[in-house]
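Novice: A structural model of the following input is requested.
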Amino acid sequence: MTNDTEKYEEKGSDIPKQHQPRQPGLETEMTPQPDSTMEEYHGSGKLESKVAIITGGDSGIGRSIAIAFAKEGADITIVYLDEHEDAQRTKEEVEKCGRKCILIAGDVGDEKFCAEVVEKTISTFHHVEILVNNSAEQHVQESILDIDSAQLEKTFRTNIFSMFHMVKAVLPHLKKGGRIINTTSVTAYKGSPHLVDYSATKGAIVGFTRSLSLQLIEQGIHVNAVAPGPIWTPLIPATFPPDKVGDFGKNVPMKRPGQPDEVAPCYVFLASQDCSYMSGQVLHPNGGNIVNS
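Specialist: Just a heads-up that it's a prediction; the model follows:
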């Protein structure tokens with residue numbers, strides 16, 4: 001019988017060259033399909049009757065988070081750009097768990113849209129306890145000289161401005177015990193010569209997480225982050241050329257990319273009462289990379 005580790009190793013060793021023409025990418029067009037439906041995960045009521053907003057929740061890590069939260073008893077608002085087919089599949093998976101799910105499409109870089117997300121969540125579920133800031137984009141450039149102001153602003157607007165917008169919108173509705181979880185990256189700690197602006201946003205997210213934690217801790221709201229390593233998500237074939245995709249994840253100690261299902265349990269932990277004595281911290285599911293956190 002193949003255990004999960006062997007399953008992930010086998011899938012990670014056989015990624016064919018491929019490319020998608022636009023971000024954030026479509027999970028339906030990936031080969032092999034990521035493990036992002038938490039099939040082997042069994043909930044234990046850790047998030048019973050809670051409501052979570054998950055940006056970038058249509059596919060990849062966001063999909064795994066949504067399904068894991070649903071298996072733990074939460075209702076879900078999934079925020080995504082325009083990947084309607086992926087989002088619909090995630091909604092169906094959440095509903096299979098017996099939980100409610102609403103889909104909201106739009107640009108999280110737009111402050112008004114972020115306010116609308118929270119308004120629709122409250123009007124639907126009447127409360128919210130968890131915010132997962134997970135949306136991101138990245139663009140490969142060989143030199144900083146190739147990063148024009150339009151790309152720089154767009155990357156920062158999606159990756160870090162959106163977190164400010166979402167937190168400002170949701171904070172009036174969060175009570176003691178609320179959770180904010182931000183997705184940063186191993187690149188915040190190790191850097192990336194071809195993703196300079198992306199890595200800079202991910203470093204900013206670490207500082208944002210730590211500072212916001214200090215600001216909100218007396219209100220009983222915990223703010224933490226997760227810094228994934230190379231995870232097989234739609235953003236990868238939508239970012240890198242085919243040759244790079246074929247070798248993706250082989251430079252970490254485990255010699256393979258991770259699957260979204262291997263990352264989602266970090267978010268469950270940080271969303272639940274299990275992290276009652278943790279705030280301002282970063283978890284590192286990154287294939288064995290040693291980083292200074």
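
Novice: residue boundaries of the helices in the stretch 151-293 of the chain?
Specialist: Along the stretch 151-293 of the chain, counting by DSSP state H, counting those that start in this stretch, helices occupy 162-170, 187-190, 196-216, 242-246, 260-271.

Novice: so what's the residue sitting nearest the centre point of the chain closest to, chain neighbours aside?
Specialist: Centroid check for the chain by Cα atoms, centre = their mean gives Asn134 as the closest residue, at 3.4 Å. Distances taken as Cβ to Cβ, 6 or more residues apart in numbering place Gly56 nearest to Asn134, at 4.1 Å, with adjacent residues excluded. C-beta here means a position set from N, CA and C on the backbone, and glycine is covered the same way.

Novice: Now do the contacts for the residue nearest to the centre of the chain.
Specialist: Contacts for Asn134 (Cβ atoms under 8 Å, 6 or more residues apart in numbering) come out as 54-57, 61-62, 65, 183.

Novice: Mind giving me the ChimeraX command for buried ones among the residues you listed?
Specialist: If you want just the buried ones from the contacts of Asn134 in ChimeraX, going by 16 or more other Cβ atoms under 10 Å, the selection is:
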select :54,55,56,57,61,62,65,183
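
Novice: Among the contacts of Asn134, which lie within helices?
Specialist: 61-62, 65 (DSSP state H).

Novice: which one of those sits closest to Glu48?
Specialist: Ile65 (16.7 Å; Cβ to Cβ).

Novice: My read is that the closest one contacts Cys266, right?
Specialist: No - the pair Ile65 / Cys266 is not scored as a contact, 9.1 Å apart, by Cβ atoms under 8 Å.

Novice: Ser185 and Ile217, how far apart?
Specialist: Separation of Ser185 from Ile217 (Cβ to Cβ, to the nearest Å): 24 Å.

Novice: out of the two, which sits in the busier spot?
Specialist: Ser185 (27 against 13; other Cβ atoms under 10 Å).

Novice: my guess is that one meets Ala204, correct?
Specialist: No - under the criterion of Cβ under 8 Å, Ser185 makes no contact with Ala204, lying 11.1 Å away.

Novice: circling back: between the helices of the stretch 151-293 of the chain, which gets nearest to Lys100?
Specialist: Here helix 260-271 is closest among the helices of the stretch 151-293 of the chain (Cβ to Cβ), at 17.0 Å.

Novice: Can I get that closest one in PDB, CA atoms only?
Specialist: Output of helix 260-271 as PDB, limited to C-alpha atoms (Å, rounded to 0.1, in the frame of the first residue of the first chain):
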ATOM      1  CA  PRO A 260      -1.200  21.800  -1.800                       C
ATOM      2  CA  ASP A 261      -2.600  19.100   0.500                       C
ATOM      3  CA  GLU A 262       0.800  19.100   2.300                       C
ATOM      4  CA  VAL A 263       0.500  22.800   3.100                       C
ATOM      5  CA  ALA A 264      -3.200  23.200   4.100                       C
ATOM      6  CA  PRO A 265      -2.800  21.600   7.600                       C
ATOM      7  CA  CYS A 266      -0.600  24.500   8.600                       C
ATOM      8  CA  TYR A 267      -3.500  26.800   8.000                       C
ATOM      9  CA  VAL A 268      -5.900  24.600   9.900                       C
ATOM     10  CA  PHE A 269      -3.500  24.700  12.900                       C
ATOM     11  CA  LEU A 270      -3.200  28.500  12.700                       C
ATOM     12  CA  ALA A 271      -7.000  29.000  12.300                       C
END
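
Novice: What residues of stretch 120-132 count as buried?
Specialist: Buried residues in stretch 120-132 (16+ other Cβ under 10 Å): 121-122, 125, 128-132.

Novice: same thing with stretch 80-92?
Specialist: Under 16+ other Cβ under 10 Å, the buried positions of stretch 80-92 are 80-81, 83, 86-87, 89-91.

Novice: Kindly report the same for stretch 150-166.
Specialist: 152, 154-163, 165-166.

Novice: can you give me the mean pLDDT across stretch 257-274?
Specialist: The average pLDDT within stretch 257-274 is 97.

Novice: what do you get for stretch 64-82?
Specialist: 98.

Novice: And for stretch 39-57?
Specialist: On average, stretch 39-57 scores 97.

Novice: tell me which residues in that stretch are buried?
Specialist: Of the residues in stretch 39-57, those buried (16+ other Cβ under 10 Å) are 43, 46-47, 50-57.

Novice: before we move on, what about stretch 179-192?
Specialist: Under 16+ other Cβ under 10 Å, the buried positions of stretch 179-192 are 179-189, 192.

Novice: just curious, which of those is nearest to Glu27?
Specialist: Taking those together and measuring to Glu27 by Cβ to Cβ, the closest member is Thr183, at 16.6 Å.
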